[in-house]
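In: My questions are about this predicted structure, shown below with the sequence.
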Amino acid sequence: TRLPFHNAPDPYFFFPSRQHRAACDLLLRFLRLRKGLFLLMGKIGTGKTTLCRYIQQKYGKEFSIFLFSNPFLTPQEFQQKLVRDLKLDREQDFLTALQERLIKLHKRKRNPVLFLDEGHLLSTELFEFLLILSNLQANSAHLIQIVLAGQPEMEALLQQPRFASLYQRIGGRIFLTGLGLKETHSYILYRLHRAGLDDRIKFSFLAAITIYSWTKGIPRLINKVCDLCLDHFA
């Protein structure tokens, strides 16, 4: 029904490994408590974007989720996208309109969440804009939750003195790594099952050992190797 090892982030193929399930549970608890700013970190290909899209798809009725996948937006472009996505009054001052909209969502128990992918590539100006957003509160609760997903250097970037105020607002963080050997095998079988191919294609545990040695359990690399295997034996 689907390509089992296509490398685009697809919530349909979200694999609940021990660490990814823990990351999902922690992030959901953080969002429900309205703690403000969360860092989701990991090396390239560890599943950060897929996790964000999974939460967006599965919990879209609980949260008003907006995913920003372009890290090169200027603050003005970012603001314009917020105006469109949140349907703000264009005639009002931006922050006034935003605060009024967020308070309405807060009263309706609709928790707005911004997922910003590739957070390590955001500009200094956009980080400063996020600081302004993180100041929006009502009854000591943050009116908007911000999840920065990016590579490990993102936290080092935020530790610079000029971002001290934003760094102090981080309410939680988690770091994704590669899968273990057994989970690598389980991941491969899971993808085949979700694609409807588990009764037609088999990857032995011995094959998984070899794939793990090449990929170190990084999901994106596992997909690439497995896809090449299918091409070779097609």
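Out: The structure has been received and is ready for your questions. Numbers count the residues shown, from 1 in each chain.
In: Return the residues in contact with L143.
Out: 99, 102-103, 105-106, 112, 136-137 (C-beta atoms under 8 Å, 6 or more residues apart in numbering). Using the backbone N, CA and C atoms, a C-beta is placed for each residue, glycine as well.
In: Repeat the analysis, applying 6 Å as the threshold.
Out: 102, 106, 136 (C-beta atoms under 6 Å, 6 or more residues apart in numbering).
In: residue nearest the centroid of the protein?
Out: Centroid-nearest residue in the chain: C52, 3.1 Å away (criterion: C-alpha atoms, centre = their mean).
In: Helix or strand: which one has that one?
Out: Using DSSP states H and E, C52 sits within helix 48-58.
In: likewise H6?
Out: Judged by DSSP H and E, H6 forms part of no helix or strand.
In: returning to that earlier point: now the helix holding C52: how far from the chain's centre is it?
Out: Relative to the centre of its chain, helix 48-58 is centred 6 Å away, using C-alpha atoms, centre = their mean, to the nearest Å.
In: what angle sits between the helix or strand that it is followed by and helix 48-58?
Out: Once helix 48-58 ends, the next helix or strand along the chain (criterion: DSSP H and E) is strand 63-68. Orientation check (axes from the mean of the first three to the mean of the last three C-alpha atoms, to 10 degrees): strand 63-68 against helix 48-58 gives 140 degrees.
In: Name the residues of strand 63-68 that are buried.
Out: 63-68 (16 or more other C-beta atoms under 10 Å).
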